[in-house]
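# got a structure for you, letters missing:
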Ligand SMILES: Nc1ncnc2c1ncn2[C@@H]1O[C@H](COP(=O)(O)OP(=O)(O)O)[C@@H](O)[C@H]1O
């Protein structure tokens, strides 16, 4: 089954990319954009039929590799 | 309001990063991972109360900047 | 929050130090003031354990324009040109988050250099990791290398040399030392000393966030099991903004608007403003509501102690605000007038129309603690007997291939090929040689730089080890045909409160000083990193020396690859057969005790100068210093690089 | 001959490029990204570097700069536009050149000398060049050229592959491909052959004390063709 994971920067952690994107959008005429924060998205295909088990695996993968918990949070969706 | 956007590589487009992550996961003992595809995630704070209008704006932003339609698809969630 | 002894101790201050603060202020400080004291008085900013000993280093020389005490050292290289350079550690942050730690280390040292008006022209780094077998090493190494590249490549400054070492003593405490060289005209050097009353104090660069609060005290803390809790203090680097800041600052510096300028490094706004005031014997008044903030509801405490990156503090000439603002607007950077200079000799902070701190500057700087810590002298270990029958069963080719595959000796191309080493179009010697060399743009001159440490030697005998590294740096520069001019040093040691560690420090510094004095190779800048220790286990004493030399005619530069067949190979200097602490003894014979090779400064100088003479007369085709692994490794490297064979009798 | 080099925030090979152009006889002007108009030019160069920190996608944000409209107009009217490294990325992001530059196959920044083969001598850039295999320098993290099969077919049918990675002897294969680019593509032209984007940096190879001298051959030949 497919598991989707979103990894985002923790609140307060500087996001230089997001800032540059926001400024560019403003410059392009999108003037009501107040903040952009960029994160990562993963589609993971796990050979596992049991959703619960797959999510537990995904959680472990996030902790060990996909997210850098020093600066990032993750969400399995 | 906050709009969430996911940008993913089109099917068939090589994803070297996703591949490397998959291999690393396998190497770490997660052996039933069949594929990993990495994408981008954006949290966009738009000063706009009407959800429909906000989504139209977001769609335009994706087309004009956030996604490169040659290789990427996007989804507003 | 009420301040008492307990709160002070949580801030890393000692009980006596807190008492002294109360005595100096004649009252108990409030929380903002306590934060400021704790930042200024910690080891990282105050050099309280090292100051006494650092004073003994030779810092003067014919070509020295600015020695230690400024953002970086400055040396003369003729024709009105000067080189600004310094090395700095970012060890603790890099262990917690290798990519960002290393990246912000590179960013920080570059800011130190361009703060003085110099355009960075070369980066170097010295990185030390635990054993290659240790489970953390691979990730840390990868993260650090990526971080160094990620920042330096983006700014567009070539990384021209470096050093990568592995030793189990760094298992729980890696070292990341970054060095930058910048080029400036002698009459356009900028200093941090404020001058004049009622001059506007300007904040430029990125906005302030909550990142890195108390980073300076983290740099002076020992890692323990609670290391995870310290994680939120990691800063994120933004090389893109730094590049803009660099260009904007240099643009403003081209005119005559700036009185003094200081980057916000460790302890951010606190140390930068206090340093400016202290050097200028002035006071500074700041309105913290004016500081551009990235996050909401930041308190004065947080604003003063944030270590957000890519920020500068400037004292401007009156009336130049508009001109300066225009430049920073052009580069899309924040710009704010946040205060002014005063004659109070105090640091006075306002927030929401209230005075939130009021501290005499001298209590923070001149009256900061200085310790003469107890230290233990090291004995010179006894030499091991060379037992020839142990060698009988060894085949030289096997030994050589084993030595060449030692992680400290083997090829590092895979590392430095991740660093842009050719941007700026003046790199004439890439990493892979004895020193990196860049031309001074548009002239016939070039500067050479290398960075070295020999922790094993320092560990075996700190005094000899200290001399050894300075000599190694000297030799590396000479090997490429450069006249050595001056050094910068980054002293990475364990806990100074332990007398063995303090002893290692004192004696290394002594050795360093003796050698640099004898070789007329003065120390112009540097940095001390103590408390490199995890769970009571300290690192091997690791002073890193960054040497800089001048090649007057770059066409005469020498490289180490063998060029032609039938050239003669010479060994300069006497080979005494010293094997203790060599890779051979340590790796092949597994004999880890014994003294490091002795240093004879007279011979060192004589050999180096003779070699330089021969080079200037075009008599030398290739040269390489004999170091780790001895003559056989040196020859092997010369052959491999030159794709030539060598016959040795 | 007149050239213009565009400076974006984060460009860092702009000076190197201007030094090279000047050395080989161009009268060069630097142009700020926020300007509206290009000065009169025979050649417009988008230099290497990290415009906007390479944030989002390399070259994507620079592709929205004010000056780009003029560059597009200039290119559409047949003017010569050269993009090196980040400049190449910007050209694909603006749609002036097909394809995209993805992250290198081995996910590492690569800085080293490589060999490239000149495939197409129709353009002003390579007409009359007297060496078929050049040794040039690359320094990039995203140089892995990718395009769809249809696009590739059109690129090949129109003879748009300008240069491709190869070894010393001119052999293009997996081993001589530093970044995983499709068909070892190191640089491509537009259909009309007036726009060239390539990853290698000729401006870093313009005298024998640097990494090599083959960049000189490129520039000398180019200015020769313009005269
Ligand atoms: N971290 C690094 N960054 C840049 N260059 C490096 C790094 N590590 C090693 N190098 C380069 O690799 C080469 C080999 O390093 P090293 O083994 O210390 O040299 P040697 O012992 O021959 O003087 C040197 O030229 C050095 O500049």
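Structure's in. What do you need? This one's a predicted model, so the numbers in the text were calculated from it and none came from an experiment. Numbers count the residues shown, from 1 in each chain, chains lettered A, B, ... in the order given.
# Contacts only, for whatever residue of chain A ends up closest to the ligand.
Residue of chain A nearest the ligand, by CB to the nearest ligand atom: residue A:68 (22.3 Å). Heads up, the C-betas are built off the backbone N, CA and C, glycines and all. Contacts for residue A:68 (CB atoms under 8 Å, 6 or more residues apart in numbering or on different chains) come out as residue C:97.
# can you pull out the helices in the stretch 501-649 of chain C?
C:583, C:601-616, C:630-642 (DSSP state H, counting those that start in this stretch).
# what sits up against the shortest one?
Read that as helix C:583. By CB under 8 Å, 6+ apart, helix C:583 touches C:403, C:406, C:408-409, C:628-630, C:633.
# and the helices of the stretch 501-649 of chain C as TSV, adding mean neighbour count?
Shown next, in TSV, are these (neighbours: other CB atoms under 10 Å in any protein chain shown):
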stretch	mean neighbour count
helix C:583	20
helix C:601-616	16
helix C:630-642	17
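# For these, give me a markdown table that also has distance to residue C:274 and mean pLDDT.
What follows is the helices of the stretch 501-649 of chain C, written out as a markdown table (distance: least, CB to CB, whole Å; pLDDT from 0 to 100):
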| stretch | distance to residue C:274 | mean pLDDT |
| --- | --- | --- |
| helix C:583 | 47 | 92 |
| helix C:601-616 | 40 | 96 |
| helix C:630-642 | 48 | 92 |
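# nearest to residue D:96, of the ones you listed?
helix C:630-642 (42.1 Å; CB to CB).
# got the contact list for that closest one?
In contact with helix C:630-642 (CB under 8 Å, 6+ apart) are residues C:396, C:400, C:403-404, C:409, C:432, C:559-563, C:569, C:571, C:575, C:582-584, C:622, C:624-627, C:644-646, C:648.
# what do you get if the cut-off is 7 Å, keeping everything else the same?
C:400, C:403-404, C:409, C:560-563, C:571, C:575, C:582, C:622, C:624, C:626, C:645-646, C:648 (CB atoms under 7 Å, 6 or more residues apart in numbering or on different chains).
# Report the buried members of those.
C:400, C:403-404, C:409, C:560-562, C:582, C:622, C:624, C:626 (16 or more other CB atoms under 10 Å in any protein chain shown).
# related to what we said a few turns ago, show me which pair in the contacts of helix C:583 is furthest apart.
So for these, where distance means CB to CB, the most widely separated pair is C:408 and C:630, at 13.3 Å.
# so what's in contact with those two at the same time?
Counting by CB under 7 Å, 6+ apart, residue C:408 and residue C:630 have no shared contacts at all.
# would you list every one of the strands in chain D?
D:2-7, D:27-32, D:43-46, D:80-84, D:100-102, D:110-118, D:133-140, D:144-146, D:161-166, D:185-189, D:195-198 (DSSP state E).
# again with chain A
A:2-9, A:33-46, A:72-76.
# Just the buried positions in the helix ranked longest in chain D, please.
Longest helix of chain D, by residue count under DSSP state H: helix D:214-226. Residues of helix D:214-226 classed as buried by neighbour count (16+ other CB under 10 Å): D:214-223, D:226.
# Out of those, flag the one nearest to chain A.
The nearest member of those to chain A, counting by CB to the nearest CB, is residue D:215 at 31.2 Å.
# who touches that closest one in this structure?
D:20, D:136, D:202-206.
# Then residue D:55?
Applying CB under 7 Å, 6+ apart, the residues near residue D:55 are A:16-17, A:20-21, C:240, D:61.
# what's around residue D:31, how many residues?
21 (other CB atoms under 10 Å in any protein chain shown).
# how close does it sit to chain B?
The gap separating residue D:31 from chain B is 23 Å, by CB to the nearest CB, to the nearest Å.
# SS state for residue C:401?
Using DSSP: H, G, I helix; E, B strand; the rest coil as the criterion, the local structure at residue C:401 reads helix.
# ok so, going back, quick check: of the contacts of residue D:55, which lies closest to residue C:162?
Here the nearest of those to residue C:162, counting by CB to CB, is residue C:240; it sits at 23.4 Å.
# How about that closest one, nearest residue that isn't a chain neighbour?
residue D:53 (2.8 Å; CB to CB, 6 or more residues apart in numbering or on different chains).
# ok, which residues in chain D are in contact with chain C?
D:9-10, D:12-13, D:16, D:19, D:49-50, D:52-53, D:55, D:108-112, D:137, D:139, D:203-204, D:209-211 (CB under 7 Å from any CB of the partner chain).
# Could you give me the PyMOL selection string for whichever of these are buried?
Listed next is the PyMOL selection for buried residues among the residues of chain D next to chain C, using 16+ other CB under 10 Å:
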select buried, chain D and resi 9+10+12+13+16+19+49+50+52+53+55+108+109+110+111+137+139+203+204+209+210+211
